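Give me the fold of what follows.
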Amino acid sequence: MANSRAPSWEHAVVTGGSGFVGSHLCAALLAGGTDVTCVDDFSTGTRDNVAELLGRPGFRLQEADVREPFAVDRDPDLVLHFASPASPADYLRLPVHTLETGSLGTRNALALAHACGARFVLASTSEVYGDPEEHPQNERYWGHVNPIGPRSVYDEAKRFGESLTTAFAQSRGTDTLIVRLFNTYGPRMRGYDGRAVPTFIRQALAGEPLTVAGDGRQTRSLCYVDDTVRGVLAAAAHGLRGPVNIGNPAEISMLDLARWIVELTGSRSVLRFVERPVDDPAVRCPDITLARDKLQWEPRVPAEQGLRRTIEWFRTRHEDSAPTSRAQRTGTGHGERALPLRE
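As a prediction, the model looks like this:
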């Protein structure tokens with residue numbers, strides 16, 4: 001395969017395209033002149049995220065569950081598989097759905113790409129590294145994951161998806177890419193999805209205590225969504241197979257993040273320390289040497305600027321961030337439907 005390819009596409013299919021990152025990806029592709037079919041079952045995404053794209057030339061919204069084989073009206077030359085519950089509140093509420101989306105859904109998206117001769121991009125995650133014993137994490141590190149812990153439904157779904165994607169590339173010649181996304185944040189996140197940035201912002205704007213897990217010393221590396229999307233598209237336009245880390249190598253502790261968000265919002269909220277979740281990683285930081293060298297990519301949006309943009313979005317959409325059910329508030333419930341067993 002050539003080392004690089006033209007960064008433009010005629011038609012892209014984005015599974016999970018009405019989700020947080022997926023909707024930004026759809027908008028960026030359209031802005032670049034690519035027709036987009038957004039495929040989503042709305043189990044965690046929402047039509048509101050793509051409302052501004054509806055009716056625009058070249059955009060089509062298709063409701064479908066990727067756990068079942070699906071077809072689109074027009075052959076794509078790019079398939080981006082971003083469908084999956086991704087927040088703790090969602091994957092704890094939908095554990096089997098999450099595993100099936102990472103396995104059956106990945107297989108079905110790969111089958112579509114292979115049949116059409118399209119480039120396939122798997123949205124994997126830094127969660128494949130688990131609670132890492134190497135720091136920072138580069139793509140050669142295999143990870144430290146509890147396969148039966150509460151987070152495993154997401155971690156192992158993504159790890160299996162990477163293995164399946166690699167098998168299609170090696171045994172069938174499918175043109176594939178694996179991107180591992182690190183802690184993306186920005187507008188369109190949901191205030192009750194269980195991730196630190198939206199949770200802290202929602203709590204600060206409401207004047208509630210900010211709930212910091214453990215002692216707050218655990219770190220994350222926050223990447224603004226525009227930078228993440230730019231990195232994904234740069235990798236898609238390259239012959240790189242990956243996996244490749246897409247994230248921000250600047251770490252911040254959860255305690256410092258909470259204090260910073262209180263300051264940026266002008267809130268009078270206090271901090272409240274709560275029990276740390278099971279298997280919560282102590283550190284998380286990408287080594288992005290590969291992305292820098294091969295893609296000439298690195299994050300551009302300063303953290304303060306990204307947080308201010310996200311806070312402003314929550315200020316204007318605050319009512320929209322409320323959960324629609326107790327299950328979404330707590331991350332519990334049994335909102336799954338059974339799928340027939342397959343061979």
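
how about the strands of the protein, start to end?
Secondary structure of the chain, counting by DSSP state E: strands at 11-15, 35-40, 59-63, 78-81, 119-125, 176-181, 184-185, 210-213, 219-221, 223-224, 244-246, 251-253, 271-274.

any chance of those strands in a markdown table, plus mean pLDDT, distance to Leu99 and mean neighbour count?
(Glycine included, C-beta is placed from N, CA and C.) Listed next are these as a markdown table, based on pLDDT from 0 to 100; distance: least, C-beta to C-beta, whole Å; neighbours: other C-beta atoms under 10 Å:
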| stretch | mean pLDDT | distance to Leu99 | mean neighbour count |
| --- | --- | --- | --- |
| strand 11-15 | 98 | 16 | 27 |
| strand 35-40 | 98 | 18 | 25 |
| strand 59-63 | 98 | 22 | 16 |
| strand 78-81 | 98 | 15 | 28 |
| strand 119-125 | 98 | 14 | 25 |
| strand 176-181 | 98 | 18 | 24 |
| strand 184-185 | 98 | 22 | 25 |
| strand 210-213 | 96 | 25 | 20 |
| strand 219-221 | 94 | 24 | 22 |
| strand 223-224 | 98 | 26 | 25 |
| strand 244-246 | 98 | 23 | 27 |
| strand 251-253 | 96 | 30 | 17 |
| strand 271-274 | 96 | 27 | 13 |
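
Rebuild these as a markdown table, extending it with distance to Ala303.
Shown next, in a markdown table, are the strands of the chain (distance: least, C-beta to C-beta, whole Å):
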| stretch | distance to Ala303 |
| --- | --- |
| strand 11-15 | 27 |
| strand 35-40 | 29 |
| strand 59-63 | 31 |
| strand 78-81 | 26 |
| strand 119-125 | 20 |
| strand 176-181 | 17 |
| strand 184-185 | 9 |
| strand 210-213 | 17 |
| strand 219-221 | 10 |
| strand 223-224 | 8 |
| strand 244-246 | 16 |
| strand 251-253 | 7 |
| strand 271-274 | 19 |
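
Give me the below-cutoff pLDDT ranges for this structure.
1-7, 318-343 (pLDDT under 70).

Counting residues, which helix of it comes out longest?
Counting by DSSP state H, the longest helix found in the chain is helix 152-172.

check contacts around the residue lying farthest from the centre of the chain.
In the chain, counting by C-alpha atoms, centre = their mean, Arg268 sits farthest out from the average C-alpha position, at 31.0 Å. Taking C-beta atoms under 8 Å, 6 or more residues apart in numbering, we find Arg268 in contact with Gly207.

That one and Arg308: what is the separation?
Arg268 is 19 Å from Arg308, where distance means C-beta to C-beta, to the nearest Å.

ok, now Arg180?
Taken as C-beta to C-beta, the span from Arg180 to Arg308 is 27 Å.

what's around Arg172, how many residues?
11 (other C-beta atoms under 10 Å).

need the helices for this structure, in chain order.
20-31, 88-93, 95-100, 106-116, 152-172, 196-205, 225-236, 254-265, 289-290, 303-316, 326-330.

would a markdown table of those with distance to His11 be doable?
As requested, those are exported to a markdown table (distance: least, C-beta to C-beta, whole Å):
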| stretch | distance to His11 |
| --- | --- |
| helix 20-31 | 10 |
| helix 88-93 | 29 |
| helix 95-100 | 26 |
| helix 106-116 | 9 |
| helix 152-172 | 20 |
| helix 196-205 | 32 |
| helix 225-236 | 13 |
| helix 254-265 | 39 |
| helix 289-290 | 28 |
| helix 303-316 | 30 |
| helix 326-330 | 33 |
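
So which of the ones you listed is nearest Trp297?
helix 225-236 (4.8 Å; C-beta to C-beta).
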